[in-house]
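Visitor: sharing a sequence plus its predicted fold:
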Amino acid sequence: MVSIVVGPVILAIMGAFFGLLYLGIDRKLVAHMQGRIGPPIIQPFRDVGKLLMKESIIPDGALSWLFKLAPILCLMGSAVLLLYIPIFGQKALLEDFGDAIVVLYLLIIPSLALVVAGFSSSSPYATVGAQREMVIMMSYEFPLAMTIVAIAWRIGHVAETNPFMFSTVATYPIWSLVGPMGVAGTLILLIVLLLVTTGELSRIPFDLAEAETELAGGLLVEYSGRNLVLFYIADAIKTFAMASLIIALFFPYSLSPVVGIEALVPAFVVDALFFLLKILLVMFICVMLIRAAMARFKIDQVSKIYFIAMTLISLVGLILIWVDLVM
Amino acid sequence: MAASKGIERYTIPVGPIHPALKEPIRLDLGIDGEEIVDVDVIVGQVHRGIEWLGMNRNNPVQNIYIAERVCGICNICHPFAYIMAVEQAAGITPPERAEYIRTIIAEMERIHSHLLWAGVAAHEIGFDTVFYLVWRVREEIMDLIEYVTGNRVTKAMFQIGGVRRDITEEQFPRIRKSLDYYKSILNQLKTVFLDDRMIQMRTRNVGVLKAEDALKFLAVGPTARASGVTKDVRQDQAYGAYADMDIRAITPDVLTGTIIGDVYDRIIVRLLEVKQSIEIIEQCLDKMPSGTILVEPKIAKLLAMLKKAEGEGVGRAEAPRGEVIHYVRLEAERETLAAWKIRAPTYTNLMSIPTILKGGQIADVPIAFGSIDPCMSCTNRAIVVDRKTNKKSMLTYEELHELSIEKTRRLKAEFDR
C-alpha cells in the first residue's frame, strides 16, 4: 500500500532527475558534434532553477484555468508513464495493472496537454503550433501502434500469458524467437520505433510544433516561469520514458545473470547502470544523431513520412516476421 | 483576424522582433491553415537618419565613416559606391593600384557575406550543424580581412581618391593561402548544400521568383540572377578594376542546366559567386599595378579641394546582395554634401517578397524571406516625423499619390504663370 502511494512520487522525481541529466548529456554531445563546446551537463538543472524564480505571465486573451492546467496535465501524463514501463531493469510498479496498450494510450496525454496549452494561450503562433502538434500526433500514432502490436503478436505465439505485458516481453525477448528473416523484420520495426520516438519527443527534424525560426517557440511561446518549467520537466521525463519503452520492447536484457552477480543490492546496481547505458545508446541514435544530421521538415512532409513511408516500412517488418513464422 | 468567405483567416505577424529575422521588419501574413494567401511588408523600424547626417553635420571625408556603418555586413560596398559618387562629382581619378585594392577588398567582403548567408539559411531551416560548420569555415576569410585591413568587421580602407592602406607583395602569400583553402573546400560545401536530400526538400520549388517577375519588381543581385536575369553591375557597368577582369553574371543553369528561380537556385548562385570572387582576387593579385595608392594624402588639402568642387555623381557598386547606388551632389563653398541619396539592394528586393512568399507555407517564410539576404538597416529611410507633436508616421500609397497630384498642380500653376 505504501509503495502505491510513495512509489509514484519517487519514480517521478527519479524520472525527472535522470531525464534532465540525459538532456544535459544530449546538449553536450550534440554541441561537440557541431563543433561547439556546449553547456555543462548540469545546465538543465540550472535552467529549471532559474525558471522557477521567474514570473509566470498569463496572457490577457488566454483561457486562464486551462492555460494553468495544461502544464500540470502534461507533467502528470508523463510521470504516469513511468508507472507502467519497467525501468532500471526492474518490474514496473503497476506491472499487474497495465500493459503496452495502456502505455500506448498514455503516450497521447502529454501531447494532448501541449495542444491544449497551445490553443488556450490565444496566440497565433501557438495556435499554428498546436495544429501542427495534432497533425504530427495523428501521423505517428499508426506506425507506433503497429510496431508494438507486431512484437506482441509474435511473442503471443509462444507465451501463455498476455503478450502485451512487459514481463512477458522480457521473458521471451523477440530476438531469440525469430530466424534471420524475423531478425530483419524486427530490426526494421526497431528503426521505425526510433524514428517515431524522435517525433514523439518533438526533436529536429520533427520539432515543427515549436519551430524556433518559424513560430518563435510555437505552442509554448506564451509560457514562462513555473508553467514553462513544468513542460520542461515533463519533456525530460517523457524522453526518459520513451527510451525505456524501446528498451523494454527490444532489449529487455539484464546484465547481472550474465556476470553472475546474485546478491540483491549489487545485482540491482549492475542492472541499473546497464539500463542507464542502454538509455544513452537509444537516445544517442534517436535524439542526438538525427538532430545533428538533419534539418526541419515541413508539416506535409512529416505527414507523408509517418503516414505513408513509416507505415509501409513497419508493414514490411510485420510481413517479414510473419513469413519467418510460417516458413 | 479577417473573415473571408465564411472561413476564419488568421493574420500572423512576423516581426518586427522574430527569431527568423536578424533585423526588424514586419511581415503581416494572412494564412489559411498553413498556406500563405496574403503578404504585407511593413518597413520603418530602424530609421537612423544617415543621409541627414551626411547633408547637415559631416564633411565628405567624415561621411565615409558613416557610409561604412549603413550596414554591418556590406561595409565595403556602401563606402565604395559613396566615394565613387564623390570622386565623380569632384572630378578625382583614383590611382590604378587603389582600384585593384578596392576590388580585392570588395570581393573578400562578398566571400564572407555569402558564407554568412549560407550559415543563416541553414539555421532558418533548422539545420544547425551546417550553420556551425559554415561559420567555422567563414573564420578563415575573417582572419584574412583582419590581416589585410586590420579589422574584422568595419574595414576602414576607403578614402576619397584612393585607399588608406596598401596591400604589399609580402602579404600576397598569406592571401593566396586563404584562397587555396577555400578552393579546396568549395566542393565539400557544394556537397553539403546541393546534394543533401533534406536541403533539397526544403528549398526546391520554394519561394519561386520567375524571371519576368524579377524584372517587373526590379530584383537585383543574386535574387535576380537566380531567376535567370543576367544583371551584375560588375559586368554591366564595370567599376574599380572589374573592367580588367573576366566577369560574367552567374545564373544557376551553369550548374543544373535549368532555371527555376527558387531558394535552391539562390544557394547555387551564391556558392558559385564565392568561387568567382576567389578567381577575381587571384587575377587582381596577378595583375596588380605599382604606383601610389592615394591622390591626396593630406586630408586638409583634400577637404579644401572638395569644398571648391561643384557637381553631382552617382556611384554604383555590386554589393553581395545586389546593386547599391549612392547619389551625391556637391556645392561650392559648402562643407557638407548638398545631397546624398542611398539606395540599398534590399530596398528593391523587398518588392518581390509578396510574390516569393504567396502560396507557400508558414514553414517556408524564414528561408524564403532569408533567401534575398535582407538587410533592413540599409533600407529604412522613409519615415515622417512631426516635430511639433513628436509623432512618427509613414506615408501610405494614397497619401503619396495625393502629394504627387498636388505637386503636379503646383508646377503647372507655376508654369502657367
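Guide: Arrived safely, thanks for sending. Numbers count the residues shown, from 1 in each chain, chains lettered A, B, ... in the order given.

Visitor: contacts and neighbour counts: CA atoms only from here.
Guide: Fine.

Visitor: got the residues of chain B near chain A?
Guide: Within chain B, the positions adjacent to chain A are B:10-12, B:18-20, B:33-34, B:122-130, B:132-133, B:198-199, B:202, B:362-363, B:365-366 by C-alpha under 8 Å from any C-alpha of the partner chain.

Visitor: just the buried ones from these?
Guide: Among those, those that count as buried by neighbour count (16 or more other C-alpha atoms under 10 Å in any protein chain shown) are B:10-12, B:18-20, B:34, B:122-130, B:132-133, B:198-199, B:202, B:362-363, B:365-366.

Visitor: from those, which ones fall inside helices?
Guide: Residues of those located in helices (DSSP state H): B:122-124, B:128-130, B:132-133, B:198-199, B:202, B:365-366.

Visitor: let me have the residues you listed in a markdown table, extended by pLDDT.
Guide: Compiled in a markdown table, those are given as follows (pLDDT from 0 to 100):
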| residue | pLDDT |
| --- | --- |
| B:A122 | 86 |
| B:H123 | 85 |
| B:E124 | 82 |
| B:D128 | 83 |
| B:T129 | 86 |
| B:V130 | 87 |
| B:Y132 | 90 |
| B:L133 | 88 |
| B:M198 | 79 |
| B:I199 | 83 |
| B:R202 | 82 |
| B:V365 | 77 |
| B:P366 | 76 |
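
Visitor: just give me the closest of these to B:L144.
Guide: Taking C-alpha to C-alpha as the measure, B:L144 lies nearest B:L133 of these, at 18.2 Å.

Visitor: burial of residue 105, as a residue count?
Guide: Reading this off chain A. The tally of other residues near A:Y105 (other C-alpha atoms under 10 Å in any protein chain shown) stands at 12.

Visitor: wrong one, chain B
Guide: Neighbouring residues of B:I105 were enumerated by other C-alpha under 10 Å; the total is 19.

Visitor: can you tell me how far the spatially closest residue to it that is not a sequence neighbour is from chain A?
Guide: Leaving aside its chain neighbours, B:I105 sits nearest to B:I76 (7.4 Å; criterion: C-alpha to C-alpha, 6 or more residues apart in numbering or on different chains). As judged by C-alpha to the nearest C-alpha, to the nearest Å, B:I76 and chain A stand 29 Å apart.

Visitor: so who does B:A121 touch?
Guide: Listed by C-alpha atoms under 8 Å, 6 or more residues apart in numbering or on different chains, the contact partners of B:A121 are B:131, B:367, B:370-371.

Visitor: can you give me the pLDDT of it?
Guide: At B:A121, the pLDDT value in this model is 86.

Visitor: where are the low-confidence patches of chain B?
Guide: Low-confidence segments of chain B, defined by pLDDT under 70, span residues B:1-9, B:375-398, B:400, B:417.

Visitor: quick one: classify the residue in chain A positioned nearest to chain B as helix, strand or coil.
Guide: Per C-alpha to the nearest C-alpha, the residue of chain A with the smallest distance to chain B is A:A295, at 4.1 Å. In terms of secondary structure, A:A295 is coil; the call rests on DSSP: H, G, I helix; E, B strand; the rest coil.

Visitor: quick check: closest non-adjacent residue to it.
Guide: Of all residues apart from its sequence neighbours, B:F127 sits closest to A:A295 (C-alpha to C-alpha, 6+ apart), at 4.1 Å.

Visitor: so that neighbour makes contact with A:I290?
Guide: No: taking C-alpha atoms under 8 Å as the contact criterion, B:F127 and A:I290 are not neighbours in contact, 10.8 Å apart.

Visitor: contacting residues for the spatially most central residue of chain B?
Guide: When chain B is reduced to its mean C-alpha position, the nearest residue by C-alpha atoms, centre = their mean turns out to be B:R321, at 3.7 Å. With contact taken as C-alpha under 8 Å, 6+ apart, B:R321 is in contact with B:220-223, B:345-346, B:372-374.

Visitor: what do you get if the cut-off is 6 Å, keeping everything else the same?
Guide: Each residue near B:R321 by C-alpha atoms under 6 Å, 6 or more residues apart in numbering or on different chains is listed here: B:G221.

Visitor: can you check A:F88 too?
Guide: A:272, A:275.

Visitor: ok, A:A92 next?
Guide: Shown here is A:A92, whose contacts under the criterion C-alpha under 6 Å, 6+ apart are A:83-86.

Visitor: three-state assignment of the residue nearest to it when sequence neighbours are not counted?
Guide: The shortest distance from A:A92 to any residue that is not its chain neighbour, by C-alpha to C-alpha, 6+ apart, is 4.1 Å, and that residue is A:P86. Applying three-state DSSP to A:P86 yields a three-state assignment of coil.

Visitor: just read off the phi/psi values of A:P86.
Guide: phi -70, psi 130 (degrees, to the nearest 10).

Visitor: all strands for chain B, in order.
Guide: Read by DSSP state E, chain B holds these strands, from start to end of the chain: B:2-4, B:7-14, B:26-32, B:35-42, B:158-159, B:162-163, B:311-319, B:322-330, B:339-343, B:384-386, B:391-393.

Visitor: as CSV, those with distance to B:L403 would be great.
Guide: CSV is the format used below for those (distance: least, C-alpha to C-alpha, whole Å):
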stretch, distance to B:L403
strand B:2-4, 31
strand B:7-14, 30
strand B:26-32, 25
strand B:35-42, 21
strand B:158-159, 39
strand B:162-163, 42
strand B:311-319, 27
strand B:322-330, 23
strand B:339-343, 20
strand B:384-386, 14
strand B:391-393, 15
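
Visitor: so which of these is nearest A:T198?
Guide: If you check each of the strands of chain B against A:T198 by C-alpha to C-alpha, strand B:35-42 wins as the nearest, at 25.5 Å.

Visitor: now what about that closest one, what contacts it?
Guide: The list of residues contacting strand B:35-42 from outside it, by C-alpha under 6 Å, 6+ apart, reads B:26-31, B:354, B:358-361.

Visitor: what about 8 Å?
Guide: B:25-31, B:350, B:353-354, B:357-362.

Visitor: quick one: closest of the strands of chain B to A:Y172.
Guide: Among the strands of chain B, strand B:35-42 comes nearest to A:Y172, with 49.2 Å by C-alpha to C-alpha.

Visitor: next, the buried residues of that closest one.
Guide: With the criterion 16+ other C-alpha under 10 Å, strand B:35-42 contains buried residues B:35-39.

Visitor: ok, the residues you listed vs chain A, which is closest?
Guide: The shortest separation between chain A and any of the buried residues of strand B:35-42 is 11.0 Å, and it belongs to B:E35 (by C-alpha to the nearest C-alpha).

Visitor: any idea how far B:D364 is from the closest one?
Guide: Separation of B:E35 from B:D364 (C-alpha to C-alpha, to the nearest Å): 10 Å.

Visitor: one more: B:L302?
Guide: 51 Å.

Visitor: of the two, who's got more company?
Guide: Each of B:L302 and B:D364 had its neighbours counted (other C-alpha under 10 Å), and the higher figure belongs to B:D364 (25 against 16).

Visitor: how far away is that one from B:T203?
Guide: The separation that B:D364 has from B:T203, given C-alpha to C-alpha, amounts to 8 Å.

Visitor: which ones are touching the residue in the stretch 1-150 of chain B positioned nearest to chain A?
Guide: With distances taken as C-alpha to the nearest C-alpha, the stretch 1-150 of chain B approaches chain A most closely at B:F127, which sits 4.1 Å away. Applying C-alpha under 8 Å, 6+ apart, one finds that B:F127 lies in contact with A:292-296.
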